[in-house]
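Participant: Sequence first, then the predicted structure:
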Amino acid sequence: MKERLFTRSYMFILAANFLLFFGFWLLIPILPFYLKETYNCPEAMLGAILCCYTVSGLCVRPFSGFLMDKFPRKPIYILCYFVCASIFLGYMTAGVLTWFIVLRALHGIAFSSVTVGGNTLCVDITPSSRRGEALGYYGLTNNTAMALGPMTGLFMHDHVSYEGIFITGMLFSLVGLLCAICVKARTPESIKNRQQEKQQAETATTNSKLSLDRFILIKGIPVSIALLMLSIPYGATTNFVAMYAREIHLDVPSGFFFTLMAVGMGASRLVAGKKVDQGYITQCIHVGLYPVILAFFMLSMCRFIAPESMNAAEWIFFAVPLLLGIGFGIIFPAMNTLYINLAPNNQRATATSTYLTAWDVGIGIGILSSGVIAQHFTFYMVYLIGSVLCTVSLIFFVCKVTPHYNKNKLR
C-alpha cells in the first residue's frame, strides 16, 4: 500500500507555494512596462534593473541552504515569506528608480530563501517512496500560478493602476503566509541526530568550517552547468515574451502564453513525477530537452513569417508555450530529485539551494543579456541563441552529467 501523500501539512505547503508564486508571476510580465511607463527606462537598462532581483537572490541562496540544514527550517521560511509579502507595500511607495531597485533586490533575497525553505520542507514532510510525485504536485502549484498570475497581471495592467496590482499581490501573499504557518514541519535529521553524534559533528564542523561543500553541493556542479544553460532562454522568455509579441506585430493576448505553458507543465509533471519515482530520472531529463529545443527555435522563427501569414504565426506562437511546458514539466521534478539523490540527508537544503542557484544564475544571465541583444538584433536572436544553448545543454548532460550521476548517486 502506498504511503499517504496528501496530509494536512502537505496541502498547506501546496497552498502556500501557489499563493507565493501567484504574487511573483503577477508582477513578472508587467514590470518591464512599469519601468518604461513610470521611469522611462530604455530597453538596455530594463534587463540590468530586473536582473538585480536575481543577483541579490544568488548572493544569499547558498547561505540560506546552509542555515536551513543547520537550524529549524520553518522559522526561517516564515520570516522570509513575511518579507516577500511586505515588499509589495514598498513598491507602492517607491518614488524614485533607486528605491525601486533596492526593494527589488531585497525581494530577491527573501524570495530565494523562501523557495529553498518551501522546497526542502516539502521533501521533509512527504514519504521518500513518493518524493518525485510529491515534487511534481508541488511544482504544479508553481505552474498553476504561472497560468493565472501573468494573465491576471496583464489584464489588470489594462484596467487598473499599478498600485492595484501591487495590493493584489500583497493580499495573496499574506493569505499564503497564513497557510505556511499552518505547516507542521518535521525536525531535520541533521538537527535531530546532533546530540547523538555530537563528537563526530564537532570534528566535522572543525574540519569543514571553510569548506565549500557547506554551502554548495559539490557533486551537483556538473548538472548545474547543464541547468544554467537551460535557464538562460527561460528567463528571457518569461520576462520579455510580451514585448517580443508586440515587436513582431502579433495581436495576441500575451498572458495566454503563460497559461498554455502552465497547462503543458501541469500535464507532463503528473506523468513525469511517477516516472521519476520509478527511477527514470536522467531519462526524463533527456526526453524533456527535445521539445524545449524545438520550442525556442520556433519562437525565434516567428519573426520571419510574412505579414499575410499572421494566422500561422499566431498558431506557432501558441504552440511554443505548450512545447516549453511539456519539456520543462518533465525536466523539473527529475532535476530536483537528481540533486536530492546526490546529497546526504543532512544536506537536503544545500542540495535544493544549489539546484535553485544554478537555475537563478541562468535566469539572471538571460534577463541581463536579453535587453542588450534585443537592442542590437531584436528579440528573435535571443530565442535563437537560446535554442543553441539548450542543444549544448543536452549534449553536455548526456556525455558528462549522466555518467557522473550514475557513479555518485546515494539512493
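Facilitator: Sure thing, it's come through.
Participant: what comes into contact with the helix or strand that contains L384?
Facilitator: L384 is part of helix 379-396, with elements assigned from DSSP states H and E. Applying C-beta atoms under 8 Å, 6 or more residues apart in numbering, the external contacts of helix 379-396 come out as 225-227, 229-230, 232-234, 236-237, 240, 243-244, 247-248, 286, 289-290, 292-294, 296-297, 299-304, 366, 369-370, 373-374. Backbone N, C-alpha and C define where each C-beta goes, glycine included.
Participant: same check, this time on stretch 14-27
Facilitator: Stretch 14-27 has contacts (C-beta under 8 Å, 6+ apart) with 81, 84-85, 88, 111, 114-115, 118, 122, 137-138, 141-142, 144-146, 148-150, 152-153, 156, 165-166, 168-170, 172-173, 175-177, 179-180, 183, 258.
Participant: Among those, which are located in helices?
Facilitator: 81, 84-85, 88, 111, 114-115, 118, 122, 137-138, 141-142, 144-146, 148-150, 152-153, 156, 165-166, 168-170, 172-173, 175-177, 179-180, 258 (DSSP state H).
Participant: Helices along the stretch 151-300 of the chain, start to end?
Facilitator: All helices of the stretch 151-300 of the chain, identified by DSSP state H, counting those that start in this stretch, fall at 162-181, 189-192, 198-207, 221-247, 254-277, 281-301.
Participant: Any figure for the gap between the nearest residue to I365 once chain neighbours are set aside and P150?
Facilitator: Closest residue to I365 apart from its sequence neighbours, by C-beta to C-beta, 6 or more residues apart in numbering: I232 at 5.2 Å. From I232 across to P150, the span is 20 Å (C-beta to C-beta, to the nearest Å).
Participant: Now the longest helix anywhere in the chain: buried residues?
Facilitator: In terms of residue count, the longest helix belonging to the chain (DSSP H) is helix 310-342. Judged by neighbour count (16 or more other C-beta atoms under 10 Å), helix 310-342 contains these buried residues: 310, 313-314, 316-318, 320-342.
Participant: and it, what does it pack onto?
Facilitator: helix 131-159, helix 221-247, helix 254-277, helix 281-301, helix 348-377, helix 402-408 (3 or more C-beta pairs under 8 Å, 6 or more residues apart in numbering; DSSP states H and E).
Participant: hey, C-alpha coordinates of the fourth one in PDB?
Facilitator: If I follow you right, that is helix 281-301. C-alpha atoms of helix 281-301 as PDB (Å, rounded to 0.1, in the frame of the first residue of the first chain):
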ATOM      1  CA  ILE A 281      15.500  10.300 -13.700                       C
ATOM      2  CA  THR A 282      18.100  11.000 -16.300                       C
ATOM      3  CA  GLN A 283      15.900   9.500 -19.000                       C
ATOM      4  CA  CYS A 284      13.100  12.100 -18.200                       C
ATOM      5  CA  ILE A 285      15.600  14.900 -18.500                       C
ATOM      6  CA  HIS A 286      16.800  13.600 -21.800                       C
ATOM      7  CA  VAL A 287      13.300  13.400 -23.200                       C
ATOM      8  CA  GLY A 288      12.200  16.800 -21.800                       C
ATOM      9  CA  LEU A 289      15.000  18.700 -23.500                       C
ATOM     10  CA  TYR A 290      13.900  17.900 -27.100                       C
ATOM     11  CA  PRO A 291      10.600  19.800 -27.100                       C
ATOM     12  CA  VAL A 292      12.400  22.700 -25.300                       C
ATOM     13  CA  ILE A 293      15.000  23.000 -28.000                       C
ATOM     14  CA  LEU A 294      12.300  22.900 -30.700                       C
ATOM     15  CA  ALA A 295      10.100  25.500 -28.900                       C
ATOM     16  CA  PHE A 296      12.800  28.100 -28.700                       C
ATOM     17  CA  PHE A 297      13.800  27.600 -32.300                       C
ATOM     18  CA  MET A 298      10.100  28.000 -33.400                       C
ATOM     19  CA  LEU A 299       9.700  31.100 -31.300                       C
ATOM     20  CA  SER A 300      12.700  32.800 -33.000                       C
ATOM     21  CA  MET A 301      11.300  31.900 -36.400                       C
END
